[in-house]
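Student: Give me a model of this one.
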Amino acid sequence: MPTDSGSATVPTGSPGELPGWAAQLYARDATSQALGVRLERVDAGRATVRLRITPEMLNGHGIAHGGYLFLLADTAFAYACNGYGPVTVAHSAQISFLHPVAVDDELSAEAVVRHRYGRNGVYDVTVRRQDGTVVAEFRGHSVALAGRPPAAGGG
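Tutor: From the prediction side, this is the model:
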């Protein structure tokens with residue numbers, strides 16, 4: 001059970017509907033934009049992001065490269081832990097791949113805070129296929145840095 005519930009959930013469909021801090025973070029996130037990662041829900045301690053697997057994301061075995069699943073889970077983790085205010089980054093993370101993912105699968109990654117202590121946090125992220133099958137489980141440990149994120153545009 002999370003130790004911090006954060007504020008009310010803010011459903012999002014596009015960066016224009018995101019809370020201000022999340023819209024700024026997304027505006028600077030060239031990787032997520034280039035890959036088509038979409039933010040569905042963002043709040044302090046929780047986030048859900050989506051990604052459709054393309055042929056370019058397949059490995060030599062014809063299944064989604066694990067790096068893309070890690071990237072998706074890490075993105076949800078980043079938004080969940082940055083909603084509290086100070087700039088927060090990953091300290092460490094691990095992922096378990098449970099089922100293969102195919103081209104055109106629509107993945108969602110839901111991150112939830114499990115515990116916050118001092119400047120640190122523990123977050124779990126579940127990655128699911130469109131049919132609800134859990135394809136990966138990710139655990140991230142965060143550390144808050146001093147200060148707030150810079151304004152969009154590098155200010």
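Student: now the helices for this structure?
Tutor: Assigned helices in the chain, in chain order: 20-27, 30-35, 66-82 (criterion: DSSP state H).
Student: Most tightly packed of those helices?
Tutor: Most buried of these, by mean neighbour count (mean count of other C-beta atoms under 10 Å): helix 66-82, with a mean of 23. Heads up, the C-betas are built off the backbone N, CA and C, glycines and all.
Student: Quick check: mean pLDDT of that one?
Tutor: Averaged across helix 66-82, the pLDDT comes to 97.
Student: re earlier: rebuild the helices of the chain as CSV, extending it with distance to residue 60.
Tutor: Output for those, formatted as CSV (distance: least, C-beta to C-beta, whole Å):
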stretch, distance to residue 60
helix 20-27, 32
helix 30-35, 20
helix 66-82, 12
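Student: Of the ones you listed, which is nearest residue 51?
Tutor: helix 66-82 (5.0 Å; C-beta to C-beta).
Student: Run the chain-centre distance for that closest one.
Tutor: Relative to its chain's centre, helix 66-82 lies at 3 Å (C-alpha atoms, centre = their mean, to the nearest Å).
Student: go on, stretch 100-108?
Tutor: Stretch 100-108 sits 16 Å away from the centroid of its parent chain (C-alpha atoms, centre = their mean).
Student: Likewise for stretch 51-66?
Tutor: For stretch 51-66, the distance from its own C-alpha centre to the chain's C-alpha centre is 18 Å (C-alpha atoms, centre = their mean).
Student: what's that stretch in contact with?
Tutor: 35-38, 68, 72, 95, 97, 100-107, 109 (C-beta atoms under 8 Å, 6 or more residues apart in numbering).
Student: To residue 132, which of the helices of the chain lies closest?
Tutor: helix 66-82 (16.1 Å).
Student: Many thanks, I have nothing further to ask.
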